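Asker: Have a look; sequence and predicted model below, questions after that.
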Amino acid sequence: MRVVLAGGGTAGHIEPALSTADAIRRAEPDAHITMLGTERGLETRLVPERGYELALIPPVPLPRRPTPELLRLPLRVRAAVSETANVLRSRGADVVVGFGGYVALPAYLAARRLGVPIVVHEANAKAGLANRIGARFTEHVAVASAHAALPHAQQVGIPLRRSVTSLDRAAMRAEGRSFFGLDADRLTVLAFGGSQGARRINEAVDGALDDLLATDAQVLHAVGAANAGVFRGRERYVPVPYIDRMDLAYAAADIAVCRAGAITCAELAAVGLPAVYVPLPHGNGEQRFNAEPTVRAGGGLLVPDGELTPEWLRSELVPLLGDAARIRAMGEAAANLGRRDADDRLVAMIRRAMSPSSVGG
């Protein structure tokens, strides 16, 4: 089984690709797996750390609106497709699996040119340009959201890290709180905004911190590496630059305050952790759409970025921290939407996309 995964650029594309690679490796230990990426992306660090081969191709940024860059796009696409086709030939690819982003479009075009089967995975509720094009070339289209408007879409969820999908929050709560130096018995708020932190979340939490702590809760706050020296720890407040062990952070927490990226929403639902979702106000609005199913089901609250203030946290989150029954009910509602087997479901789709003679070599 020789698989090329196109998931470079951002963590939102790379992590589902890596989780899929892990699932393929579990199913077929001898599978040959290659990740496509560019020298600009996080994949240059993340992919080798996970032990997978990384093949670099020229980046093809896809403008969201007409710009001078759009005029240069055909030349960039042609060069990237040529490089990608070389990768597919040299690896003897049986299938290409794309996750959107800079490397997916040339991967789809090269695979189509060479007659290599294509599988598309779309994590967001609103599909990006690369996956909208790729979905035209295949009947094997996996989506996380039922609202993703792609042809032949099958809802499978988002492949997630095994450390998350196998997490028992209740059983790991004591270990999680000990790991971060938190009190074992206090209600815990987890605030985070991705690897770089989120200024809006940081400012709101900082401004409302006295009120949050006055509820007798404690706060674990991932502030971002650039802000590591700005936020000072105090009793029941633990600021950290970055959280490597998100599984333990989820286990430690009773409720989160966070962005609404597709992976974040999927992970919180999978582990049954309720959240205050603060969608990033950029892009095509996909973060709001990512969080809405959980919010509608009662598993979280949604607040626009511009409305998240210390006052909002005082008026909405502080009262919630005093209602343990409601927090539990929100967690149960979130868990009812969670999918823990998306990686295996996507591997099954990959197998279907391959010709029978290709499976197992």
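Answerer: Here it is on my side, so go on. Bear in mind the structure is a predicted one, so any value in this text is a computation, not a measurement. Numbers count the residues shown, from 1 in each chain.
Asker: what separates the one residue sitting closest to the centre of the chain from Val164, distance-wise?
Answerer: Residue closest to the mean C-alpha point of the chain, counted by Cα atoms, centre = their mean, is Ile263 at 2.4 Å. Ile263 is 9 Å from Val164, where distance means Cβ to Cβ, to the nearest Å. Where you see a C-beta, it was placed from the backbone N, CA and C, and this is true even at glycine.
Asker: ok, now Val4?
Answerer: As judged by Cβ to Cβ, Val4 and Val164 stand 25 Å apart.
Asker: With neighbour numbers in mind, choose between these two.
Answerer: When Val4 and Val164 are compared for neighbours, Val4 comes out ahead with 26 against 19, by other Cβ atoms under 10 Å.
Asker: as a whole number, average confidence for the helix or strand hosting the more buried one?
Answerer: Assignment of secondary structure by DSSP states H and E places Val4 within strand 2-6. Averaged over strand 2-6, pLDDT sits at 97.
Asker: Just say helix, strand or coil for Gly157.
Answerer: coil (DSSP: H, G, I helix; E, B strand; the rest coil).
Asker: Let me see the contact set for the nearest residue to Met1 once chain neighbours are set aside.
Answerer: Spatial nearest neighbour of Met1, excluding adjacent residues (Cβ to Cβ, 6 or more residues apart in numbering): Ala31 at 4.2 Å. Residues near Ala31 by Cβ atoms under 8 Å, 6 or more residues apart in numbering: Met1, Arg2, Val3, Ile24, Arg25.
Asker: Would you mind giving both backbone torsions of the last one?
Answerer: So that's Arg25. phi -60, psi -40 (degrees, to the nearest 10).
Asker: Give me the local confidence score for Ile263.
Answerer: 94.
Asker: I'd guessed it sits against Glu15; true?
Answerer: Yes - using Cβ atoms under 8 Å, Ile263 is in contact with Glu15, at 5.7 Å.
Asker: Check the offset of the worst-scoring helix or strand of the chain on mean pLDDT from the chain's centre.
Answerer: When the helices and strands of the chain are scored by mean pLDDT, DSSP states H and E, helix 68-91 comes last with a mean of 81. Put simply, helix 68-91 sits 26 Å off its chain's centre (Cα atoms, centre = their mean, to the nearest Å).
Asker: Overlap in contacts, Ile263 and Glu15.
Answerer: Leu160.
Asker: Report the secondary structure state of Met349.
Answerer: Strictly by three-state DSSP, Met349 counts as helix.
Asker: State the phi and psi torsions of Val119.
Answerer: Dihedral angles (degrees, to the nearest 10) for Val119: phi -120, psi 130.
Asker: What of the one 4 residues further on?
Answerer: Backbone torsions for Ala123, taken as degrees, to the nearest 10, come to phi -80, psi -30.
Asker: Likewise for Arg199?
Answerer: According to degrees, to the nearest 10, Arg199 has phi -60, psi -40.
Asker: Setting the sequence-adjacent residues aside, check what's closest to it.
Answerer: Nearest one to Arg199, counting by Cβ to Cβ, 6+ apart, is Gly193 at 7.9 Å.
Asker: how many other residues sit next to the one you found?
Answerer: Residues near Gly193, counting by other Cβ under 10 Å: 23.
Asker: That one is in contact with Val205, isn't it?
Answerer: No - in this structure Gly193 lies outside contact range of Val205 using Cβ under 8 Å: 9.8 Å.
Asker: hmm, back to that, run the angle between the strand holding Val4 and helix 68-91 for me.
Answerer: Strand 2-6 and helix 68-91 are oriented at 170 degrees to each other (axes from the mean of the first three to the mean of the last three Cα atoms, to 10 degrees).
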